[in-house]
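A.B. asks: Next come a sequence and a model predicted from it.
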Amino acid sequence: MPAKKNHIDFEKSLDSLNKLVDKMEQGNLPLEESLKHFEEGVGLIRQCQEALSKAEQKVKILIEKEGKDVLENFDTDE
C-alpha cells in the first residue's frame, strides 16, 4: 500500500503547486503573501521531485529483476 500513498501524495502536491502558481500569476497578491506562496511552492516541488526519484528507482529495480540492465531513453517523437 505505501506505493499508492506516494502516488496520492505526488498528485496532491502537484495539484497544490498548480493552484499556487495560478494564484501568483494573477499578480494581485501582496509581496509577503507572494513570498509565503513561493516558499510553499518550493517545498511542494521538492516533494514531487522526491516522489519521482523514488518511482524512477523502483522502475530501475523492476527492470533489473527482469534481467534487462540497460534503460533506454523514451523518444516521444516516434
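C.D. replies: Looks like it came in fine. Numbering: from 1, shown residues only.
A.B. asks: Quick one: mean pLDDT over the lengthiest helix in the chain.
C.D. replies: If you go by DSSP state H, the chain has its longest helix at helix 31-65. For helix 31-65, the mean per-residue pLDDT is 91.
A.B. asks: do you know how far the nearest residue to Val21 once chain neighbours are set aside is from Glu33?
C.D. replies: In this structure, Val21 finds its nearest non-sequential neighbour in Gly41, 7.0 Å apart by CB to CB, 6 or more residues apart in numbering. For every residue, glycine as well, the C-beta is placed using N, CA and C. Distance from Gly41 to Glu33, counting by CB to CB, to the nearest Å: 12 Å.
A.B. asks: For the two, work out which one has more neighbours and name it.
C.D. replies: Applying other CB atoms under 10 Å to Gly41 and Glu33 shows that Gly41 carries more neighbours, namely 18 against 12.
A.B. asks: ok, now which ones touch the more buried one?
C.D. replies: Each residue near Gly41 by CB atoms under 8 Å, 6 or more residues apart in numbering is listed here: Leu17, Leu20, Val21, Met24.
A.B. asks: burial measure for Asp22, as a count.
C.D. replies: 9.
A.B. asks: quick one: which of the contacts of Gly41 has the most company?
C.D. replies: Going by other CB under 10 Å, Leu17 tops the contacts of Gly41 with 18 neighbours.
A.B. asks: dump the residue contacts of that one.
C.D. replies: Per CB under 8 Å, 6+ apart, neighbours of Leu17: Gly41, Leu44, Ile45, Cys48.
A.B. asks: same thing with Ser16?
C.D. replies: Per CB under 8 Å, 6+ apart, neighbours of Ser16: Glu40, Leu44.
A.B. asks: Glu64 versus that one, what's the distance?
C.D. replies: In terms of CB to CB, Ser16 sits 34 Å off from Glu64.
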